[in-house]
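>>> Give me a model of this one.
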Amino acid sequence: MASQNVHHLERDGKKIILIGTAHVSPKSVEEVKEVIEQYKPDAVCVELCQARYQSITDADRWKKMDVVKVIKEGKAMMLLSNLILSSHQKRLARKFGIKPGQEMIQGIESAKEVNATLCLADRDIQSTMLRLWRSMGFVGKMQLMMQLLFSLFSNDDMTEEELEKMKGQDMLASVLEELSRSFPLFKTILIDERDQYLAEKIKTAPGSTVVAVLGAAHIPGVKKELDRDHDLKKLSKVPASSSVGKYIGWAIPLVILAVIASTFSIDQATGIDQMISWILWNGSLAALGTLIALGHPLSILVAFMAAPISSLSPLLAAGWFAGLTEAILRKPKVQDFENMSEDVYSLKGFWRNKVTRILLVVVLANIGSSLGTIIGGADVIRQFINTVF
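Have a look, this model is predicted:
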């Protein structure tokens, strides 16, 4: 088959055929089916981990989600990020009349048809996201989250011809280069490390002929990494939380409390003004975030009350309290979980669905509280300096 998206390689006597796909392209689905039928490989590798395999083969997966557990484990922002990232792909897929990830589903089905061993070749999505998240600083996390939220307003007008062009290496390289300027670790962890993981899994797949179904962005890297050996355990290891971040997290509230206490010893009236400023900035911005998420009035009130206190402890977050309040007052129904995969197609759906709205309450209340800590803390220090000097 003559196609610029199909790459033939030989490694250690093994024939490896890489198919570069666009994850929402009908032509990619046809290409996967034709290649596997033609070569009848011993193994078919797909760019999926066990969790993503289950997600595309289990239509009822959202019904099993415990949103309260997600909030308590501090995974609301990560889950919301995943949903936003997938929504753009889903909107494009709907436009072209296919399911997102249909080329992977086709790879799974075609592997069964030719009796090939199915190999889930990608790194676990949880490991990937945690490696990314824990490698980013606070500012980077906020920038990424804001960029993701703004992406909900983006226009998805794209022709099928333009979509096919996205499979070209030059276009993808320029896109990744642009992302790398803002988030250098984005490409390293989401693309480069997974290229290494995918290459090792493909190289060790059973049989003499292996077909691998990969997103086009991975093709150049995988071709290069097939000539090297990689430690899958090392690539899957999740780094521990930064101790520096923990120290800073405790240092900020201790400094704020020390500054307010010092001001009280000099000028009690100014000390009271500092406390009021701290409460108003933290509480108001956390409440505003909850309001933007269309949270319940009591959730907004809880965010206002919790933020000034939670900002003084790295172990607490205003969004957790506001989100749990929202979950209790507007408990998601089975229908909300069933509609979740459809609601994330649109901006309105994110706010309409009770599950995603709870996640928005958690994330936006936390962002508001974080901004309140910065502004309120700066005002506390300003008043202290004016009092002393």
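
>>> Quick check: residue 19 touching residue 216?
No - if you go by Cβ atoms under 8 Å, residue 19 and residue 216 don't touch, sitting 9.2 Å apart. (Each C-beta comes from the backbone N, C-alpha and C, glycine too.)

>>> Give me the common contacts of the two.
By Cβ atoms under 8 Å, 6 or more residues apart in numbering, residue 19 and residue 216 have these common neighbours: residue 5.

>>> need the next SSE after the helix or strand hosting residue 327, C-terminal direction.
Using DSSP states H and E, residue 327 sits in helix 318-329. Next along the chain after helix 318-329, taking DSSP H and E as the criterion, comes helix 334-343.

>>> Would you mark the buried spots in that following helix?
By 16 or more other Cβ atoms under 10 Å, the buried positions in helix 334-343 come out as 336, 337, 339, 340, 341, 343.

>>> cool, and stretch 32-42?
For stretch 32-42, a neighbour-count test (16+ other Cβ under 10 Å) marks 32, 33, 35, 36, 39, 41, 42 as buried.

>>> How about the contacts made by residue 223?
Residues near residue 223 by Cβ under 8 Å, 6+ apart: 7, 9, 18.

>>> State the phi and psi torsions of it.
The phi/psi pair for residue 223 (degrees, to the nearest 10) reads phi -60, psi -40.

>>> for the one 5 residues further on, same thing?
Here is the backbone geometry of residue 228 (degrees, to the nearest 10): phi -120, psi 160.

>>> and residue 321, how many residues sit next to it?
22 (other Cβ atoms under 10 Å).

>>> ok, back up a step: can I get the contacts of residue 223 in TSV including secondary structure, distance to residue 329 and pLDDT?
Shown next, in TSV, are those (DSSP: H, G, I helix; E, B strand; the rest coil; distance: Cβ to Cβ, whole Å; pLDDT from 0 to 100):
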residue	secondary structure	distance to residue 329	pLDDT
7	strand	54	93
9	strand	57	93
18	strand	51	96
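
>>> Just the buried residues of these.
Listed as buried from the contacts of residue 223 are 7, 9, 18; burial here means 16+ other Cβ under 10 Å.

>>> thought the second one was touching residue 18?
Spelled out, that is residue 9. Yes - Residue 9 lies in contact with residue 18 (Cβ under 8 Å); the separation is 7.0 Å.

>>> For the helix or strand harbouring residue 219, list the C-alpha coordinates in PDB.
Secondary structure assigned from DSSP H and E places residue 219 in helix 219-225. Only the C-alpha atoms of helix 219-225 are listed here, as PDB (Å, rounded to 0.1, in the frame of the first residue of the first chain):
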ATOM      1  CA  ILE A 219       5.700   8.500  14.100                       C
ATOM      2  CA  PRO A 220       9.000  10.500  13.800                       C
ATOM      3  CA  GLY A 221       9.900   9.900  17.500                       C
ATOM      4  CA  VAL A 222       9.000   6.200  17.500                       C
ATOM      5  CA  LYS A 223      11.000   5.500  14.300                       C
ATOM      6  CA  LYS A 224      14.000   7.100  16.100                       C
ATOM      7  CA  GLU A 225      13.500   5.300  19.400                       C
END
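
>>> re the thing from before, determine the set of other helices and strands touching the helix holding residue 327.
Other helices and strands packing on helix 318-329, by 3 or more Cβ pairs under 8 Å, 6 or more residues apart in numbering; DSSP states H and E, are helix 67-72, helix 268-292, helix 297-310, helix 354-388.

>>> what comes up buried for that helix?
Going by neighbour count (16+ other Cβ under 10 Å), the buried part of helix 318-329 is 318, 319, 320, 321, 322, 323, 324, 325, 326, 327.

>>> average pLDDT for stretch 252-263?
With pLDDT averaged residue by residue, stretch 252-263 scores 91.

>>> Show me which of the buried residues of stretch 32-42 is closest to residue 66.
Comparing the buried residues of stretch 32-42 against residue 66 with Cβ to Cβ places residue 32 closest, at 34.9 Å.

>>> Touching, that closest one and residue 107? I think so.
Yes - the criterion here is Cβ under 8 Å, and residue 32 meets it with residue 107 at 5.3 Å.

>>> thinking again about what came up before, let's have the buried residues of helix 318-329 in JSON lines, adding pLDDT and distance to residue 133.
As requested, these are exported to JSON lines (pLDDT from 0 to 100; distance: Cβ to Cβ, whole Å):
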{"residue": "318", "pLDDT": "94", "distance to residue 133": "20"}
{"residue": "319", "pLDDT": "93", "distance to residue 133": "16"}
{"residue": "320", "pLDDT": "93", "distance to residue 133": "17"}
{"residue": "321", "pLDDT": "95", "distance to residue 133": "22"}
{"residue": "322", "pLDDT": "96", "distance to residue 133": "21"}
{"residue": "323", "pLDDT": "93", "distance to residue 133": "18"}
{"residue": "324", "pLDDT": "93", "distance to residue 133": "22"}
{"residue": "325", "pLDDT": "95", "distance to residue 133": "25"}
{"residue": "326", "pLDDT": "94", "distance to residue 133": "23"}
{"residue": "327", "pLDDT": "91", "distance to residue 133": "23"}
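
>>> Output those as CSV; include the columns distance to residue 355.
Below are the buried residues of helix 318-329 laid out as CSV (distance: Cβ to Cβ, whole Å):
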residue, distance to residue 355
318, 20
319, 15
320, 16
321, 18
322, 15
323, 11
324, 14
325, 15
326, 10
327, 9
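
>>> Which pLDDT value goes with the residue nearest to residue 280 when sequence neighbours are not counted?
Spatial nearest neighbour of residue 280, chain neighbours left out: residue 376 (7.5 Å); criterion: Cβ to Cβ, 6 or more residues apart in numbering. pLDDT, residue 376: 94.

>>> likewise residue 28?
At residue 28, the model reports a pLDDT of 83.

>>> before we move on, what about the one 5 residues further on?
At residue 33 the predicted local distance difference test score is 94.
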